[in-house]
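[1] just coords:
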């Protein structure tokens, strides 16, 4: 075997070795990409679940507020009591009515709460 043939064989072996390394690197990169994609998908799913829970809590809060408002609207209050609170405490009619309804129309409890 001549020196040139030896050199060519070494070059060929070296080239094949480099190709194997590149292929191995590409395989590793592909594996890393799959892991990264899996982690991103998992993160997106957990974010979606988190947002779903938040939206459910908001809907429940809104439903509770609506139910409370409906209950308060059922409470009968006297016009004279509302006017007394407005005149004596100098608050709006809406606040006076709300406070009376929250205290089931009881003027004394309402006045005590509003003055404290």
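    Happy to help now that I have it. In this text the structure is predicted, and so the values were computed from the model without any measurement. Numbering: from 1, shown residues only.

[2] if I look at residue 72, how far off is residue 51?
    Separation of residue 72 from residue 51 (C-beta to C-beta, to the nearest Å) stands at 32 Å. From N, CA and C alone the C-beta is placed, and that goes for glycine too.

[3] Of these two, give the one with the bigger neighbour count.
    Between residue 72 and residue 51, counted using other C-beta atoms under 10 Å, the more crowded position is residue 72 (15 against 10).

[4] Mind checking what secondary structure that one has?
    helix (DSSP: H, G, I helix; E, B strand; the rest coil).

[5] Nearest spatial neighbour of it, chain-adjacent residues omitted?
    Excluding its sequence neighbours, the residue lying closest to residue 72 (C-beta to C-beta, 6 or more residues apart in numbering) is residue 101, at 4.2 Å.

[6] Give me the residues contacting the helix or strand where that neighbour lies.
    With elements taken from DSSP states H and E, the one containing residue 101 is helix 93-102. Where contact means C-beta atoms under 8 Å, 6 or more residues apart in numbering, the residues beyond helix 93-102 that reach it are 72-73, 75, 77, 81-82, 85-86, 89, 106-107, 110, 113-114.

[7] Buried ones in that helix, by neighbour count?
    Residues of helix 93-102 classed as buried under the neighbour-count rule (16 or more other C-beta atoms under 10 Å) are 96, 97, 98, 99, 100, 101.

[8] Closest one to residue 68 out of these, please.
    When the buried residues of helix 93-102 are ranked by distance to residue 68 (C-beta to C-beta), residue 101 comes first, at 10.1 Å.

[9] ok, back up a step: now the two most distant members of the buried residues of helix 93-102.
    Across those, no pair lies farther apart than 96 and 101, at 9.7 Å, counting by C-beta to C-beta.

[10] hang on, residue 115 packs against residue 89?
    Yes - here residue 115 reaches residue 89: they are 7.2 Å apart, a contact under C-beta atoms under 8 Å.

[11] okay, those two: which has more neighbours?
    Applying other C-beta under 10 Å to residue 115 and residue 89 shows that residue 89 carries more neighbours, namely 14 against 8.

[12] Might one say that that one is in contact with residue 116?
    No - between residue 89 and residue 116 no contact is recorded; they are 11.7 Å apart, counting by C-beta under 8 Å.
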